[in-house]
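> the sequence and its predicted three-dimensional model are supplied below.
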Amino acid sequence: MKVGIIGSGTMGSGIAQIAATAGCNVLVYDTNTTALENSKTKLDKILTRLVEKGRIDVAEKNRIQANIAYVNQLEALASVELTIEAIVEDLTIKQKVFQELESYQTEDAIIASNTSSLSIASIASALKKPSRVIGIHFFNPAPLMALVEIIPAVQTSEEVKQKVVNIIADWKKVGVLVKDTPGFIVNRVARPFYGESLRIYEEGKADFITIDTALKEIGGFRMGPFELMDFIGNDVNYTVTETVFKSFYYDPRYKPSFTQKRLSEAGYLGRKSGRGFYDYSTEIKPTPA
Ligand code: NAI
């Protein structure tokens, strides 16, 4: 099966790895050629580590890499059967890319978005054939996280829904069908986890290291909320909260945080920029920024 990935950042790279591992021919497209190069280098590092750990052999590494090509022309995705988009969380930009993609592809090609919070119905509404659009929401890091939310919009055809359910199962993921509501399941449930942690911090009740430690040591979470926001990206996490807040008619339960907004504006995006709530510029343990 031929698969197209739009966006070679955190999520696009991970989804490309999954599809290539499952034997698909994958084309990864990005407007930014540096992002494409980084994606390729990152995959090589990940697969090399898997070989060193004995999880895959060299032949398997070569097979996965041979299944992926990196392109900077959207038109190159003309003949793919399924495209999964993972670009910036912005409705207008996603709609524009989808419209251009649709102009190159045949009617039966499926177009999916990995959006965390935008309405699939709104994304689909920009297309001539909205029934081909669906949400396929992976979690970070995509190759390791089993869960995938599958979100049919009101316009999505039954055939597209069934095909995607089968593809996700073939890719050895656990697909759950979810209604097209803000934040779907996981990102909605996760909002208070981040939001209340940020409020405790902003009210001066505890610093973020204490909050992270408490949730890991006492709560049993693998990562504390601040570590997790840095891992996801403060820009991405903030935008998702803002979208969910607006979509629920400004329900104060989902109110975004100024602290996180300022970090994003400053370019303190988290791990990917070397600094967020914590400082990742040294190889040693992250320290508070
Ligand atoms: P990212 O910032 O790591 O990567 C986005 C990539 O898209 C960049 O390489 C950028 O050059 C490229 N891009 C931007 N505009 C483009 C355009 N018009 N055409 C082609 N390429 C373009 O972002 P990330 O974190 O991978 O997020 C992507 C999407 O996945 C967002 O919708 C986000 O909400 C969603 N998502 C993110 C998760 C996370 O933990 N980061 C988890 C699940 C979903």
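Okay, I see it.
> okay, and for the stretch 151-289 of the chain, where does confidence drop off?
Low-confidence segments of the stretch 151-289 of the chain (pLDDT under 70): 283-289.
> residues from it in reach of the ligand?
Contact residues (CB under 6 Å from any ligand atom) of the stretch 151-289 of the chain with the ligand: 232-233, 236, 240. To be clear about C-beta, it is placed using only N, CA and C from the backbone, and glycine gets the same treatment.
> adding secondary structure and neighbour count, write these out as a markdown table.
Formatted as a markdown table, those follow (DSSP: H, G, I helix; E, B strand; the rest coil; neighbours: other CB atoms under 10 Å):
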| residue | secondary structure | neighbour count |
| --- | --- | --- |
| 232 | helix | 25 |
| 233 | coil | 22 |
| 236 | helix | 22 |
| 240 | helix | 26 |
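> among these, which two are most distant?
Greatest spacing in those, by CB to CB: 233 and 240 (9.9 Å).
> on that earlier part again, how about TSV for the residues of the stretch 151-289 of the chain next to the ligand, with distance to residue 151 added?
Putting those into TSV (distance: CB to CB, whole Å) gives the following:
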residue	distance to residue 151
232	19
233	21
236	18
240	14
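> just the helices in the stretch 151-289 of the chain please.
Along the stretch 151-289 of the chain, counting by DSSP state H, counting those that start in this stretch, helices occupy 158-170, 186-202, 208-217, 225-232, 234-247, 258-265.
> quick one: contacts of the first one?
Right, helix 158-170. For helix 158-170, the surrounding residues in contact (CB atoms under 8 Å, 6 or more residues apart in numbering) are 1, 22, 82, 110, 112, 131-134, 136, 148, 150, 152, 175, 177.
> again, but for stretch 236-256
Here stretch 236-256 makes contact (CB under 8 Å, 6+ apart) with 89, 116-119, 182-183, 187-188, 191-192, 194-195, 229, 257, 260-261, 264.
> can you tell me the element residue 84 falls in?
strand 82-85 (DSSP states H and E).
> which of the residues in that strand are buried?
Neighbour-count burial for strand 82-85 flags 82-85 (criterion: 16 or more other CB atoms under 10 Å).
> what do you get for stretch 76-95?
Buried-residue list, stretch 76-95, by 16+ other CB under 10 Å: 76-77, 80-87, 89, 91, 94-95.
> thinking again about what came up before, do the strand holding residue 84 and the ligand meet?
No: in terms of CB under 6 Å from any ligand atom, no part of strand 82-85 sits within range of the ligand; the closest distance is 7.7 Å.
> average pLDDT for that strand, rounded please.
Strand 82-85 shows a mean pLDDT of 98.
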